[in-house]
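Asker: Here is my input, please return the structure:
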Amino acid sequence: MVDRVSDGTAGGVDEALRRERDRVEDLTQELERTRSALSMFQAIAESATDLIYVKDLAGRYVYVNDVVARLYDVRADEFVGRDDRQMFDAAAAAELREADRAIMRSGVPRELEEWTTVDGRARRFQSTKSPYRDASGRVVGLIGVSRDDTDTRSTAEEIARLRALQEGAAGSLPRGVGDHITIRTLQAIADAAPDSVYVKDRDGRFIFLNRAAQRVLQAGDRPLGEVLGGTDADFMDPVAAARIMETDRAVMDTGVAQEIDESAEVDGRRVTVRSLKAPYRDEAGRVIGLVGISRDVTTTRLIEARLLRAEARWQFALDTVGEGIWDWDIAAHEVYYSPRWKRMLGYSDDEIGDTTLEWERRVHPDDLETALRAMNRHMRGETAEYHCEHRIRTRSGEYMWVRARGRIIERAGDGTIVRIIGSQTDITDERTERRALEDAAQELGRLAEVDELTGIANRRGLGRALDAAWSAAAQDGGMVHLALIDVDGFKTYNDSHGRRRGPARLRGRPRPDPGPARRDRRTVRRRRARAAPARRRRPRGGARIGAPRGTRARPHPRRCPTRLRQHRRRLPRRRDHRSRDPAP
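Answerer: Numbers count the residues shown, from 1 in each chain. Predicted coordinates for the structure are as follows:
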């Protein structure tokens, strides 16, 4: 009886020990799988260029990736255990906490715009936040993925500022943080990311995909188990799949991350993605696969292509009309000078920098103050646009005339000027022609007031001189003296001495007063208008042309013979034309 009991007890103990050994072995395998999964998700989180973080219900950080630590210039373990009030200013912390609490209360993910201060400068983030749940489905915290888009102004500029390449997967998590991170946490982080996140083995088989990656592969409605283990060739055309696999092999063979554009035909649609690929390593540092993050940029690339075509047409139009372009980014303290602007001054594209000093030190010293005043007036809002004509020094040391125009095209939220764009046109020939036309017009005006016989002023010149003299006299109360010398009898001199000597005599005696010249004295020759004799004509039919009945025709005062005779009597005349010359 004892032996049977002993045997039965021994057998039960052996069975219990066997079950415990199996359980320990299963736990060991599960722990190994967990460690492998943690390492994989750690590589994903640390290879991302977005800010990734996890908070508990109290708002304390339980995990942040290296991007968060680098942005705020602190270690990752300094974030863990702290809340927003300890990391940010009071206003920003209050807004962040209020938004996080609303998401955790509602249990609904949200996309929102958030602001924090970094190095004294406000920065804007586009954030995707989701509630973090435990195995039973209860909300136990929050998972966030944020993208800094402060410097993003347009689609083209966003593409121009592509994220910096990562050197590879980051190291292990900070001490103490690993206890808070589970596979479920990292899976939730990956699914919350707006970009495609995936992991491949050395043969190119998917061993992990987030929801965004499944949607890009048009496999969002398929169970994840059917997608895992497949390759790119199972979801896209063979040519594109081979090209992608070639890039993957280059990353895994070299161990160096790459960021490239990739295109493929997916479900009848051409898709372009911007992919960041980094090697996936085991604990020994061996490359066992690849971690990738891809962003769909199909629409962006189409817009960028249209912008490039439009820019090419715009540049061609500007080059055709001969204008150089400058773009002043006041916030960045930079100025873009177009190649045409530089060639206009005789420089190549790489010989002029991107500062305002390049322009200021070339403007003529006598024109610089005028140009700066014109710019300041426009920046103060006194003029609709900046406009100035000034001289600028070329490479040869000579100065050319240019017409500069510009306009404010962008302001900050507080009204501060951010950007001014303008053009510069060579008007050297135009200025030369304009000066020649002004000189010609001045010469024509002078000739129109000069008598062709004597070379002195004529009646038109007299009229202008009298108008000026009367205006001056009216202002200072002075008097205007007008002396007239009648040379109507000069015909007798011509008849006696010849018509060649007569004009010479007039040209030699233009001044009636032999005294010293005065600044306000003007000598002119005024030709006397002759009175035409009145003629009576009878129209056909016997009617007379004359004044209406009951009125008297009044002769023109300047042509009245009686008044002309009275005027001649008032002027002293020399009767003996043959004995001496008349005074001209």
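Asker: contacting residues around Arg101?
Answerer: Gly59 (CB atoms under 8 Å, 6 or more residues apart in numbering). Every C-beta, even on glycine, is put in place using the N, C-alpha and C of the backbone.
Asker: Could you measure from it over to Gly59?
Answerer: 8 Å (CB to CB, to the nearest Å).
Asker: For the stretch 351-500 of the chain, give me the ranges with low pLDDT.
Answerer: When residues are selected by pLDDT under 70, those of the stretch 351-500 of the chain lie in 450-459, 461, 483-494, 497-500.
Asker: mind listing the strands for it?
Answerer: Using DSSP state E, counting those that start in this stretch, the strands of the stretch 351-500 of the chain run over 386-393, 399-411, 417-426.
Asker: Could you look up the SS state of the nearest residue to Thr355 once chain neighbours are set aside?
Answerer: Distance criterion CB to CB, 6 or more residues apart in numbering; nearest residue to Thr355, sequence neighbours excluded, is Val335 at 6.2 Å. Following DSSP: H, G, I helix; E, B strand; the rest coil, the label given to Val335 is strand.
Asker: for Val335, what are its contacts?
Answerer: Trp326, Asp327, Trp328, Asp329, Asp354, Thr355, Thr356, Glu358, Trp359.
Asker: Out of the residues you listed, the closest to Gly255 would be?
Answerer: Within those, the smallest distance to Gly255 is 36.8 Å, found for Asp354 (CB to CB).
Asker: Distance of the closest one relative to Thr299?
Answerer: Counting by CB to CB, the gap from Asp354 to Thr299 is 31 Å.
Asker: higher neighbour count, the two?
Answerer: Asp354 (15 against 10; other CB atoms under 10 Å).
Asker: How many residues are close by the closest residue in space to the more buried one that isn't next to it in sequence?
Answerer: Excluding the flanking residues, the one nearest Asp354 by CB to CB, 6+ apart is Glu334, at 4.9 Å. Residues within reach of Glu334, counting by other CB under 10 Å, total 13.
Asker: can you check Ile44 too?
Answerer: If you count neighbours by other CB under 10 Å, Ile44 ends up with 26.
Asker: average pLDDT across the helix or strand it falls within?
Answerer: Assigned by DSSP states H and E, Ile44 belongs to helix 2-47. Looking at helix 2-47 alone, the average pLDDT works out to 66.
Asker: need the next SSE after it, C-terminal direction.
Answerer: Using DSSP H and E, the helix or strand that directly follows helix 2-47 along the chain is strand 51-56.
Asker: for the following helix or strand past that next one, which positions count as buried?
Answerer: Proceeding N to C from strand 51-56, the next assigned helix or strand is strand 61-64, under DSSP H and E. By neighbour count with 16 or more other CB atoms under 10 Å, strand 61-64 contains the buried residues Tyr61, Val62, Tyr63, Val64.
Asker: Need the max-distance pair from those residues.
Answerer: The farthest-apart pair in these, when distances are taken by CB to CB, is Val62 and Val64, at 8.8 Å.
Asker: any common contacting residues for the two?
Answerer: Joint contacts of Val62 and Val64 (CB under 8 Å, 6+ apart) are Val54, Val80.
Asker: For Arg243, grab the count of nearby residues.
Answerer: 16.
Asker: again with Ala212
Answerer: Neighbour number of Ala212 under other CB under 10 Å is 22.
Asker: Look at it and tell me its secondary structure.
Answerer: What three-state DSSP gives for Ala212 is helix.
Asker: ok, it - contacts?
Answerer: Contacts for Ala212 were tallied using CB under 8 Å, 6+ apart; they are Asp191, Ala193, Pro194, Asp195, Ser196, Val197.
Asker: List the residues that contact the second one.
Answerer: Shown here is Ala193, whose contacts under the criterion CB under 8 Å, 6+ apart are Ala48, Asp50, Ile52, Thr128, Val145, Asn210, Ala212, Ile293.
Asker: Tabulate these in TSV, adding columns for distance to Thr28.
Answerer: Shown next, in TSV, are these (distance: CB to CB, whole Å):
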residue	distance to Thr28
Ala48	31
Asp50	35
Ile52	30
Thr128	37
Val145	34
Asn210	28
Ala212	34
Ile293	32
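Asker: And the residues you listed, which is the shakiest by pLDDT?
Answerer: The minimum pLDDT among these falls on Ala48, with 72.
Asker: Would you check how far apart that residue and Glu283 are?
Answerer: In terms of CB to CB, Ala48 sits 21 Å off from Glu283.
Asker: Compare these two (neighbour count), which wins?
Answerer: For Ala48 versus Glu283, the count of surrounding residues by other CB under 10 Å is larger for Ala48: 25 against 9.
Asker: Dihedrals phi and psi, the more buried one?
Answerer: phi -70, psi 150 (degrees, to the nearest 10).
Asker: so what's the residue nearest to Thr355 bridging to?
Answerer: Residues in a beta bridge with Val335, per DSSP bridges, are Trp328.
Asker: Which pLDDT value belongs to it?
Answerer: Note for Val335: predicted pLDDT of 92.
Asker: looking at this, Phe125 is in a helix?
Answerer: No - using three-state DSSP, the assignment for Phe125 is strand, not a helix.
Asker: Could you pull up the contacting residues of it?
Answerer: By CB under 8 Å, 6+ apart, the contact set of Phe125 is Leu51, Glu113, Glu114, Trp115, Thr116, Ser146, Arg147, Asp148, Asp149.
Asker: same thing but at 6 Å, please
Answerer: Contacts here follow CB atoms under 6 Å, 6 or more residues apart in numbering; on that basis Phe125 touches Glu114, Ser146, Asp148.
Asker: of the residues you listed, buried ones?
Answerer: By neighbour count, with 16+ other CB under 10 Å, these hold Glu114, Ser146, Asp148 as buried.
Asker: in the stretch 201-350 of the chain, what spans have low per-residue confidence?
Answerer: Using pLDDT under 70, the stretch 201-350 of the chain drops low at 220, 266-267, 313-321.
Asker: mind listing the strands in it by residue range?
Answerer: Taking DSSP E, counting those that start in this stretch as the test, the strands found in the stretch 201-350 of the chain are 206-209, 258-266, 269-281, 287-296, 323-329, 334-337.
Asker: Export those to TSV and append columns for distance to Ile421.
Answerer: Converted to TSV, these look like this (distance: least, CB to CB, whole Å):
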stretch	distance to Ile421
strand 206-209	45
strand 258-266	30
strand 269-281	29
strand 287-296	30
strand 323-329	5
strand 334-337	9
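Asker: Of all the ones you listed, which one is nearest Glu433?
Answerer: Of all the strands of the stretch 201-350 of the chain, strand 323-329 sits nearest to Glu433, with 18.9 Å by CB to CB.
Asker: Can you give me the buried ones in the closest one?
Answerer: Buried residues in strand 323-329 (16+ other CB under 10 Å): Glu323, Gly324, Ile325, Trp326, Asp327, Trp328.
Asker: Which residue is the nearest non-sequential neighbour of the first one?
Answerer: Just to be clear, that refers to Glu323. Ser423 is the one closest to Glu323 (CB to CB, 6+ apart), at 4.4 Å.
Asker: Contact partners for the one you found?
Answerer: Ser423 neighbours (CB under 6 Å, 6+ apart): Glu323, Ile325, Arg405.
Asker: residues touching the second one, list them.
Answerer: For Ile325, the contact set (CB under 6 Å, 6+ apart) comprises Ser338, Ser423.
Asker: same thing but at 7 Å, please
Answerer: Leu318, Ser338, Arg340, Trp341, Ser423 (CB atoms under 7 Å, 6 or more residues apart in numbering).
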